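Peer 1: Predicted coordinates and the sequence they were generated for:
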Amino acid sequence: MQTLKVDLGERSYPIYIGEGLLDQPELLAPHIAGRQVAIVSNETVAPLYLERLSKTLGAYSVLPVVLPDGEAHKNWETLQLIFDALLTARHDRRTTVVALGGGVIGDMAGFAAACYQRGVDFIQVPTTLLSQVDSSVGGKTGINHPLGKNMVGAFYQPNAVLIDTTSLKTLPARELSAGLAEVIKYGLICDKPFLAWLEDNMQALRALDSVALTEAIRRSCAAKAAVVGADERESGVRATLNLGHTFGHAIETHMGYGVWLHGEAVAAGTVMALEMSMRLGWIDQPARDRGIRLLQDAGLPVVPPQEMTPAHFMEHMAVDKKVLDGRLRLVLLRQLGEAVVTDDYSTEILQATLAADYRAIVAQL
Ligand SMILES: NC(=O)c1ccc[n+]([C@@H]2O[C@H](COP(=O)([O-])OP(=O)(O)OC[C@H]3O[C@@H](n4cnc5c(N)ncnc54)[C@H](O)[C@@H]3O)[C@@H](O)[C@H]2O)c1
Ligand SMILES: O=C(O)C(=O)C[C@@H](O)[C@H](O)[C@H](O)COP(=O)(O)O
Ligand SMILES: [Zn+2]
């Protein structure tokens with residue numbers, strides 16, 4: 001097992017990474033204060049892992065809360081089901097909410113923990129690659145609004161993150177690829193050598209090679225922990241973790257939550273960010289193409305939806321959380337491995353990026 005730390009003073013917490021950690025009560029016990037634990041999961045993950053985790057937490061009174069599965073359920077109605085269950089079972093302020101599932105479950109369970117009786121303890125047990133490398137770390141919690149992704153939420157850090165890498169064995173290939181989009185993101189924004197490592201190891205990752213996966217998870221979590229430790233509430237460098245997300249969130253909202261997976265939308269959005277960085281003269285064409293090829297090798301879509309016009313993108317991007325005083329800030333690349341958050345671009349270049357022929361760009365690779 002490997003242990004990383006998210007360094008946030010008195011709110012610091014460990015990230016445990018390893019095989020079979022779901023069965024190790026001694027890792028969770030130090031992070032549970034009371035006798036009550038609510039395991040929040042969904043209809044897909046619960047049949048796979050809920051019984052196991054409940055057994056591991058056998059010393060506590062365990063309340064299972066099983067939600068409907070999917071991004072389309074990341075909303076008020078589903079959040080309410082968590083509060084209903086906690087209140088019906090008389091969970092008090094010393095309860096611990098444990099999120100068992102992917103990023104949708106983690107974001108919702110975390111938000112519920114932030115709100116329930118004004119805040120109770122919370123542990124992340126992520127079971128998708130995306131949640132293991134990104135969403136379980138850093139304390140962004142929340143739900144979607146029909147007008148925009150993650151528009152209602154709170155920064156609320158977990159007490160611990162427990163990553164059992166063997167849970168990835170049951171993950172569908174499409175979901176694994178979605179997680180790889182966020183892994184590639186770390187290489188693009190802050191770790192150029194990691195890009196080369198990913199190019200060398202992409203096939204092993206997609207074949208669920210446990211050594212390669214553990215290394216990708218460790219390196220991703222280390223990058224995320226460093227960024228979050230430096231800027232917990234996104235007043236600066238944390239916004240770089242949003243590479244590809246301004247365009248990607250527009251795709252998710254426009255297409256209907258769940259039609260494009262978050263990681264898929266981020267992948268196509270990252271291609272758009274690469275294209276815009278090239279049009280600004282910051283990266284050259286070989287660098288752009290290298291990024292696109294890596295996303296493609298990960299099994300991800302690299303062309304935005306054909307039905308989305310520049311006007312559609314502009315409409316959705318207007319509610320992005322990086323808009324300040326009406327001006328949209330974008331995460332772009334100065335070079336591979338170095339991201340910037342900037343509003344220093346011309347409208348013409350943004351419009352040209354939105355209108356670019358991505359099918360032609362991909363065809364020439
Ligand atoms: N809070 C953050 O910092 C942050 C970061 C990135 C993404 N997110 C959010 O995370 C969400 C995406 O997360 P996701 O990609 O994990 O999607 P998800 O939570 O929808 O999980 C993907 C699918 O895999 C299933 N699943 C989960 N674990 C499984 C397993 N081990 N075996 C088989 N099936 C399994 C789920 O039931 C679901 O159907 C989005 O809502 C996104 O906005 C949040
Ligand atoms: O942790 C962060 O900060 C991120 O931006 C990570 C992203 O991968 C993630 O999708 C996040 O939920 C996006 O945040 P948002 O503030 O743009 O909704
Ligand atoms: Zn993301």
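Peer 2: Arrived safely, thanks for sending. Ligands and ions are numbered 1, 2, ... in the order given.

Peer 1: interface residues of the stretch 251-365 of the chain facing ligand 2?
Peer 2: Near ligand 2, the residues belonging to the stretch 251-365 of the chain are K321 when assessed by CB under 6 Å from any ligand atom. For every residue, glycine as well, the C-beta is placed using N, CA and C.

Peer 1: And the residue of the stretch 251-365 of the chain closest to ligand 1?
Peer 2: When scored by CB to the nearest ligand atom, the stretch 251-365 of the chain has H262 as its residue closest to ligand 1, at 4.0 Å.

Peer 1: domain parsing for this protein?
Peer 2: The chain breaks down into these domains under the TED database: 2-170, 176-364.

Peer 1: hey, where'd the helices end up in the protein?
Peer 2: In chain order, the chain shows helices spanning 25-28, 51-56, 76-88, 103-115, 129-130, 173-190, 192-206, 210-230, 245-255, 262-279, 285-297, 310-317, 347-355, 358-363, with DSSP state H as the criterion.

Peer 1: Does ligand 1 have contacts with the fifth one?
Peer 2: When you say that, I think you mean helix 129-130. Yes: using CB under 6 Å from any ligand atom as the criterion, contacts between helix 129-130 and ligand 1 involve L130.

Peer 1: which other helices and strands contact that helix?
Peer 2: Packing partners of helix 129-130 (3 or more CB pairs under 8 Å, 6 or more residues apart in numbering; DSSP states H and E): helix 173-190.

Peer 1: Can you give the distance of the helix it packs on from its chain's centre?
Peer 2: 9 Å (CA atoms, centre = their mean, to the nearest Å).

Peer 1: quick revisit: mind checking the helices of the chain for the one nearest to D7?
Peer 2: Nearest of those to D7, taken as CB to CB: helix 210-230 at 4.3 Å.

Peer 1: Now that closest one: buried residues?
Peer 2: Of the residues in helix 210-230, those scored as buried under the neighbour-count criterion (16 or more other CB atoms under 10 Å) are 212-229.

Peer 1: Likewise for stretch 68-88?
Peer 2: Burial within stretch 68-88, assessed by neighbour count using 16+ other CB under 10 Å, is assigned to D69, E71, H73, K74, N75, T78, L79, L81, I82, A85, L86.

Peer 1: OK, contacts around whichever residue of the stretch 201-350 of the chain sits closest to ligand 2?
Peer 2: Nearest residue of the stretch 201-350 of the chain to ligand 2 (CB to the nearest ligand atom) works out as L241 at 3.7 Å. When contacts are counted by CB atoms under 8 Å, 6 or more residues apart in numbering, L241 touches D134, G138, K185, I189, K224, V227.

Peer 1: Now do the same contact list for the third one.
Peer 2: Applying CB under 8 Å, 6+ apart, we find K185 in contact with L241, L243, G244, V266, T270.

Peer 1: Distance of the closest residue to the second one other than its chain neighbours relative to A239?
Peer 2: This means L243. By the measure of CB to CB, 6 or more residues apart in numbering, the closest residue to L243 outside its immediate chain neighbours is V331, 4.5 Å from it. Here V331 is placed at a distance of 6 Å from A239 (CB to CB, to the nearest Å).

Peer 1: Compare these two and say which is more crowded by neighbours.
Peer 2: Between V331 and A239, counting by other CB atoms under 10 Å, V331 is the more crowded of the two (25 against 21).

Peer 1: I'm done for today, thanks for sticking with me.
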